[in-house]
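Student: Here you go, sequence then predicted model.
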Amino acid sequence: MNVLVVGNGAREHAMVQAVMRSEKVEKVFVAPGNGGTALMGGKVCNVSLKATDPEGLFRFAEEHQVELTIVGPEQPLELGIVDLFRSAGKKITGPTKAAARLESSKAFAKEFMMRYGIPTAGYHVFHDVLSANNHIENSPAATFPKVIKASGLCAGKGVFIALDREEALQANNDLFEERIFGDAADEVIVEDFLKGQEASVFVLTDGTRYRLFLPAQDHKRIGDGDTGKNTGGMGAYSPAPMVTEEVMRKVEERIIRPTLRGMTEDGSPYTGFLYVGLMIDNGEPSVVEYNARLGDPETQVVLPLLKSDFITALEACFNEKLSEVPFEMHEGKSASTVVIASGGYPDHYETGKVVSIASDMDSLEQCMVFHAGTSYENGSLLTAGGRVFSVTALGDTLRESIDRAYQAVGKISFEGAYYRKDIGAKAL
Ligand code: AMP
Ligand code: GLY
């Protein structure tokens, strides 16, 4: 079959790799893809269509006999790509525009969780700066830190942790008055600060049945020891030991099942990948956020750990067979991924730097170099984004996977390359 993967990051590169492991696949189109998917060659072909062009992607899928489309990022979901494909009877993995509101509107997600008793931080929603400031002025000092969030999509960057009133008022100002996230902050959530350990759980669902990938942990801050600004994610590992079997049981019982049931009851059944961002405090999980997709960089550890056929599982979502197909992980294996970013990320950074990868990279065992922001032009590999690579390795232990990943990172160089040195250290 022909498959179309939508997106251009390391997540999509990892998806293409997982798709390619399936014997069922004849050709994989990636729109728009990156330097890494361009270099795969053979059955893999980049298509110069933007992820934010659902109509163009639909026409392409029709013209090229694409039987299954897999959506990586959230923007096309919010634009209704799944609704469009489905209305023409074309298979696509992901939630409808209405169901994707679990990610695209934090106000919707919070209200939904409250209504279905799904554990999450207490919150208030505001539509103007005066009432938001009023709320902050009237909040006792002991209720800080508070978390202030734009309701709409901000590429993971629309969240402020305000330690006191002054910082909270500043955040209100940045969101409502300076409009640093534009319309995404027409609604603003002020929520209670949750303490504990963060982890992410990934679900594949047809709306009723679901299967679980292994839990993972991201590293969102730019600096070692979780310091500095929030980023799209600087590294990840899986499985995440704080998500014990007991915690996972609670997550299924209190979060995943009520979420799927609630969405169906509300008339927008949730299909595709569901990312549940968790805070776990003393073994009690609550939801920090939902995403309507797989995580980046978490996908780069979660998919390499999937042993059974990815395409078989995705197809099973369309014929009520999801509970019957194999969905197995590599037993006893761990995976780690280290993101190599452009110097200056997540603020200003330069692109167009020539990348060199040592020729003995291929000799490293169980390592995979996923490209995030690269382009391949006239025989040269160039940097083309903030996050440039996500270097993954598998191992029999977490330690082994981390050591291998860093060994591979050492073989990649470009001017200004930056990466965290402590990925996975928390779990050791
Ligand atoms: P979000 O985009 O909602 O995932 O938020 C980004 C990051 O902000 C999360 O990964 C957490 O590290 C942090 N965060 C968000 N909400 C809370 C909360 N209520 N309590 C503590 N930390 C939070
Ligand atoms: N790794 C965080 C995200 O994908 O949103």
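Tutor: Yep, it's here. Ligands and ions are numbered 1, 2, ... in the order given.

Student: From now on I want contacts and neighbour counts done on CA atoms only, so please keep to that.
Tutor: Fine.

Student: Okay, and the most centrally placed residue in the chain sits in which element?
Tutor: Centrality entry for the chain: nearest residue to the mean C-alpha point is residue 295, 1.6 Å, by CA atoms, centre = their mean. Using DSSP states H and E, residue 295 sits in no helix or strand.

Student: And the strands in the stretch 301-428 of the chain, which stretches?
Tutor: For the stretch 301-428 of the chain, strands defined by DSSP state E, counting those that start in this stretch occupy the ranges 334-341, 356-357, 367-371, 374-377, 380-383, 387-395, 412-413.

Student: Same question for the stretch 101-250 of the chain.
Tutor: Using DSSP E, counting those that start in this stretch, strands in the stretch 101-250 of the chain cover 123-126, 146-150, 159-162, 188-192, 197-205, 210-212, 217-218, 221-223, 227-230, 235-238.

Student: Who are the packing partners of the fifth one?
Tutor: What it means is strand 197-205. strand 210-212, strand 217-218, strand 272-281 (3 or more CA pairs under 8 Å, 6 or more residues apart in numbering; DSSP states H and E).

Student: Would you tell me which one of those is buried the most?
Tutor: Among the helices and strands packed on strand 197-205, strand 217-218 has the highest mean neighbour count (mean count of other CA atoms under 10 Å), at a mean of 27.

Student: Show me the contact partners of that strand.
Tutor: Contact partners of strand 217-218, identified using CA atoms under 8 Å, 6 or more residues apart in numbering, comprise 198-200, 233-240, 297-298.

Student: Near ligand 2, which residues of the chain are found?
Tutor: The chain comes close to ligand 2 at residues 156, 218, 232-233, 295-298, as judged by CA under 6 Å from any ligand atom.

Student: what do you get if the cut-off is 8 Å, keeping everything else the same?
Tutor: 155-156, 218-220, 232-233, 291, 293-298 (CA under 8 Å from any ligand atom).

Student: among those residues, who's most crowded?
Tutor: Counting neighbours by other CA atoms under 10 Å, the top entry in those is residue 297, with 34 neighbours.

Student: Out of the contacts of strand 217-218, which comes closest to residue 139?
Tutor: Within those, proximity to residue 139 (CA to CA) peaks at residue 198, which comes in at 26.0 Å.

Student: residues touching the spatially closest residue to the closest one that is not a sequence neighbour, list them.
Tutor: Among residues not flanking residue 198 along the chain, residue 279 sits closest, at 4.6 Å (CA to CA, 6 or more residues apart in numbering). Contact analysis of residue 279 by CA under 8 Å, 6+ apart lists 194-199, 285-288.

Student: which bits of the stretch 101-250 of the chain sit near ligand 1?
Tutor: The stretch 101-250 of the chain comes close to ligand 1 at residues 106, 120-121, 146-149, 155-161, 191-195, 198, 220, 230, as judged by CA under 8 Å from any ligand atom.

Student: What sits closest to whichever residue of the stretch 201-350 of the chain sits closest to ligand 2 if chain neighbours are left out?
Tutor: Using CA to the nearest ligand atom, the single residue of the stretch 201-350 of the chain nearest to ligand 2 is residue 295, 3.3 Å away. Spatially, and ignoring its direct neighbours in sequence, residue 295 is nearest to residue 275 (6.8 Å; CA to CA, 6+ apart).

Student: for that neighbour, what are its contacts?
Tutor: Contact analysis of residue 275 by CA under 8 Å, 6+ apart lists 200-203, 290-295.

Student: In contact with residue 309: list those residues for me.
Tutor: Residue 309 touches 21-22, 326-327, counting by CA under 8 Å, 6+ apart.

Student: distance of it from residue 205?
Tutor: Using CA to CA, to the nearest Å, one obtains 16 Å as the distance from residue 309 to residue 205.

Student: need the strands of the stretch 101-250 of the chain in CSV with mean pLDDT, can you?
Tutor: Conversion of these to CSV gives the following (pLDDT from 0 to 100):
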stretch, mean pLDDT
strand 123-126, 97
strand 146-150, 96
strand 159-162, 93
strand 188-192, 97
strand 197-205, 97
strand 210-212, 98
strand 217-218, 96
strand 221-223, 96
strand 227-230, 91
strand 235-238, 98
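
Student: right, so those: which one is the most enclosed?
Tutor: The highest mean neighbour count among these, using mean count of other CA under 10 Å, belongs to strand 235-238: a mean of 30.

Student: Thanks again, I'm all set now.
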